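In: Sequence first, predicted model second:
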Amino acid sequence: MMVVYFKVSGIIPFEQALEGMREMTKKTFKKKGDDVVNMNLALIDAAVDACQEVPVPATLDGVGCVDDVKLIPDNASDFAKKIIEPSMRQKGDDIPVSAMSNDGVIPTGTACLEKRGIAPRVPHWNSENCIQCGICASACPHAAIRTKLIEKENLKDAPKSFNTIPAKPALADEEFKVQVYCKDCTGCGVCVDQCPANKNPEKPALTWSSIEKEEEACELVNEKFFDELPDNVMGRNTTKTIKGAMLRKPLFEFSGACAGCGETPYVKLVSQLFGENMIVANATGCSSIYSGTFPTIPYTTNKEGRGPAWANSLFEDNAEFGFGMRLAVDQNRSTLKTYVEKVLSNEKTPADLKAALEEAISHFENSKTEEAHAAQDKAKEVLAKYKDVDCPDLAKVRELQDYFTDKSVWIIGGDGWANDIGYGGIDHVLAQNQDVNILVLDTEVYSNTGGQASKSTPTGAVAKFATGGKRTYKKNMGLMSMSYGYVYVASVALGADRAQTLKAFQEAEAYKGPSIIFAYAPCIAHGIDMSKTQTEQKRAVEAGYFPLYRYNPDNEVPFTWDAKDPKGSYQEFIRSEGRYKSLMKTNPEAAEALYTQAEEDAAKRMAVYKAVGELMR
């Protein structure tokens with residue numbers, strides 16, 4: 001834009017402006033390394049070459065105008081029509097206060113309305129080369145590529161362009177489909193980078209295309225049909241595998257996170273595994289911004305209307321906020337049980353109501369199963385029949401009818417929240433020994449506020465408030481959490497070991513007590529190629545930079561070290577990232593010493609975890 005401004009305005013001679021822009025670029029980005037400087041200089045040159053004069057006619061008489069683009073479907077909700085559409089058209093000032101929610105509650109499942117179409121390129125599925133592993137869906141930060149099993153009877157009305165292949169393994173001759181959501185894709189390239197079939201350049205399962213080509217191939221029509229098909233058809237698969245877990249509908253989709261984001265695949269995975277019962281307390285930070293930016297929300301529901309409930313809290317009290325949710329759920333369930341027992345003991349209770357309540361309450365201690373959900377739905381259906389009955393006990397049961405099934409409480413935030421500002425709250429909540437799950441999205445820096453160092457930032461990394469390289473050790477928060485002895489603790493990196501990540505999330509949720517998961521999340525602030533965020537996770541683990549382990553108090557041997565011995569070069573790994581490479585610019589005299597110290601600190605960190613893990617056996 002600066003190039004265009006100086007080119008058009010003529011406020012100073014353009015050659016003088018061009019030289020000034022070049023010098024400013026070098027000064028601004030020199031700390032980030034020569035690669036970043038040269039990319040920005042190349043961008044300036046490209047902008048100069050792309051500038052074209054557009055003659056403005058003296059009059060607009062006879063000049064047509066572009067037809068108004070339809071943004072919201074006719075069957076959209078009032079909220080979408082009155083709030084979302086004006087916002088999309090940048091007419092937020094026209095929205096009356098009376099149209100706003102009274103209590104701040106807004107509907108979920110609205111990010112799917114945006115259809116931004118921002119991707120300069122989108123993946124195309126080559127079905128003949130697909131090995132049906134589900135890794136592309138697992139890797140996608142935005143749930144813009146998905147897998148589904150389809151029973152053949154549901155394909156009778158499929159568009160001719162809707163391509164499927166026989167499922168492997170199949171239970172009843174199901175078909176397998178990968179669907180790309182072209183208008184929701186950001187074009188980051190993580191799926192293409194991670195696809196195992198793409199290792200053979202002769203038979204890639206995902207190749208690059210354009211939105212225009214995919215529209216011509218009827219992919220928008222295919223997407224609509226794909227959405228209407230039954231979800232969560234598993235065949236012979238289970239959620240114990242990545243392939244099986246990815247067959248479940250993600251209840252977190254199309255967020256506004258950066259293209260290639262390292263955080264969102266973890267949030268998406270939680271929603272696929274536990275979304276129907278999920279309540280989220282989200283600390284302020286990147287994850288709160290892409291999860292709840294008004295007015296569209298990426299958390300969504302299944303076809304039955306079940307899905308996550310989400311709320312944002314402050315940096316300093318999010319753990320306590322989530323803990324309060326757990327206490328509220330427990331109290332509501334206890335109250336519900338008390339009043340159900342009163343209704344059941346009442347001799348006037350109709351037989352059908354008594355049968356429905358008895359079935360629903362029979363699943364009370366194991367209530368996150370499909371059978372428990374079905375029993376709750378049946379109870380709600382029968383309760384609705386008696387809504388006009390004047391009975392306070394029955395009214396209370398109806399008020400709390402959603403609590404026959406327990407809730408999966410997740411407390412989510414970044415490493416700045418967890419290690420710094422919110423640490424006291426997390427420590428207090430872990431100590432209470434209640435059934436909450438904490439997910440720490442570890443970018444090792446305050447990503448949302450501009451890249452300041454946190455206590456999770458490792459030795460030698462360059463960040464704001466550590467421009468000369470951080471001099472201190474990365475906080476061993478996992479070790480501190482394990483010291484309680486009754487807290488489930490895991491350290492995961494999805495791109496390094498998907499099976500270990502999946503197992504950790506499922507073990508944490510199943511554990512009847514507090515759990516905390518530290519999930520390594522490469523970030524744009526690291527100065528890396530964002531199409532390779534999950535490759536970067538693999539490199540980090542292989543270099544001995546980031547640990548993989550699980551500590552499960554329920555096991556006879558609680559501690560499991562999941563990382564293999566390092567086989568990559570630690571120095572090669574850190575020197576390939578801008579946050580470390582820039583140390584040679586910001587503090588060249590101390591750079592080599594800090595690089596050496598960083599490697600020594602990481603090795604000590606790994607050794608301490610292994611040693612303590614052995615002691616905890």
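Out: Yep, it's here. Since the model is a prediction, treat every value here as computed from it, not as a measurement.

In: Rounded mean pLDDT for the one helix or strand residue 328 maps to, please.
Out: For residue 328, the host element (DSSP states H and E) is helix 318-345. When pLDDT is averaged along helix 318-345, the result is 97.

In: counting contacts, what elements does it pack onto?
Out: The contact analysis (3 or more C-beta pairs under 8 Å, 6 or more residues apart in numbering; DSSP states H and E) places helix 318-345 against strand 278-283, strand 309-313, helix 351-361, helix 392-399, strand 408-414, helix 423-431. No exception for glycine: its C-beta is placed from N, CA and C like everyone else's.

In: got CSV for the ones you listed, with mean pLDDT too?
Out: Listed next are those as CSV, based on pLDDT from 0 to 100:
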stretch, mean pLDDT
strand 278-283, 97
strand 309-313, 94
helix 351-361, 96
helix 392-399, 96
strand 408-414, 97
helix 423-431, 97
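
In: Count the residues that sit near residue 553.
Out: Around residue 553 there are 18 other residues, counting by other C-beta atoms under 10 Å.

In: what does residue 76 give?
Out: When neighbours are counted by other C-beta under 10 Å, residue 76 comes out with 15.

In: Over to it. Which of the three states is it?
Out: coil (DSSP: H, G, I helix; E, B strand; the rest coil).

In: where's the closest residue in space to residue 415 that isn't next to it in sequence relative to residue 520, distance?
Out: Distance criterion C-beta to C-beta, 6 or more residues apart in numbering; nearest residue to residue 415, sequence neighbours excluded, is residue 456 at 3.7 Å. Distance, residue 456 to residue 520, by C-beta to C-beta, to the nearest Å: 10 Å.

In: Comparing those two, which residue is more hemmed in?
Out: residue 520 (29 against 22).

In: Spell out which residues sit in contact with the more buried one, please.
Out: By C-beta atoms under 8 Å, 6 or more residues apart in numbering, the residues touching residue 520 are 262, 442, 491, 492, 493, 496, 537, 540, 546.

In: Now do the contacts for the nearest residue to the second one once chain neighbours are set aside.
Out: The reference is to residue 442. Nearest non-adjacent residue to residue 442, counting by C-beta to C-beta, 6+ apart: residue 415, 4.5 Å away. Shown in contact with residue 415 (C-beta under 8 Å, 6+ apart): 440, 441, 442, 443, 444, 445, 454, 455, 456.

In: Mind doing that once more with 6 Å?
Out: 442, 454, 456 (C-beta atoms under 6 Å, 6 or more residues apart in numbering).

In: pLDDT score for residue 617?
Out: Taking residue 617 on its own, its pLDDT is 66.

In: Over to residue 91?
Out: 93.

In: and it, how many neighbours?
Out: Quick note: residue 91 (other C-beta under 10 Å) scores 10 neighbours.

In: could you check the distance from it over to residue 82?
Out: Taking C-beta to C-beta, one finds residue 91 at 11 Å from residue 82.

In: and what of residue 447?
Out: 33 Å.

In: the more surrounded of these two?
Out: A count of neighbours by other C-beta under 10 Å puts residue 447 above the other of residue 447 and residue 82, at 27 against 17.

In: Enumerate every residue touching that one.
Out: Residue 447 touches 286, 523, 525, counting by C-beta under 6 Å, 6+ apart.

In: mind running it again at 8 Å?
Out: By C-beta under 8 Å, 6+ apart, the neighbours of residue 447 are 285, 286, 414, 523, 524, 525.

In: can you check residue 127 too?
Out: For residue 127, counting by C-beta under 8 Å, 6+ apart, the contacting residues are 163, 164, 165, 178, 205.

In: Select only the buried ones of those in ChimeraX?
Out: Command for ChimeraX, covering only those of the contacts of residue 127 found buried under the criterion 16 or more other C-beta atoms under 10 Å:
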select :163,164,178,205
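
In: still on that earlier bit, please identify every residue contacting each of residue 456 and residue 520.
Out: residue 442.

In: Where does the prediction get shaky in the stretch 501-617 of the chain?
Out: Low-confidence segments of the stretch 501-617 of the chain (pLDDT under 70): 617.

In: That one: strands as residue ranges?
Out: With strands called from DSSP state E, counting those that start in this stretch, the stretch 501-617 of the chain shows them at 515-520, 549-551, 559-561.

In: Okay, and which of the contacts of residue 520 map to helices?
Out: Of the contacts of residue 520, the ones assigned to helices by DSSP state H are 537, 540.
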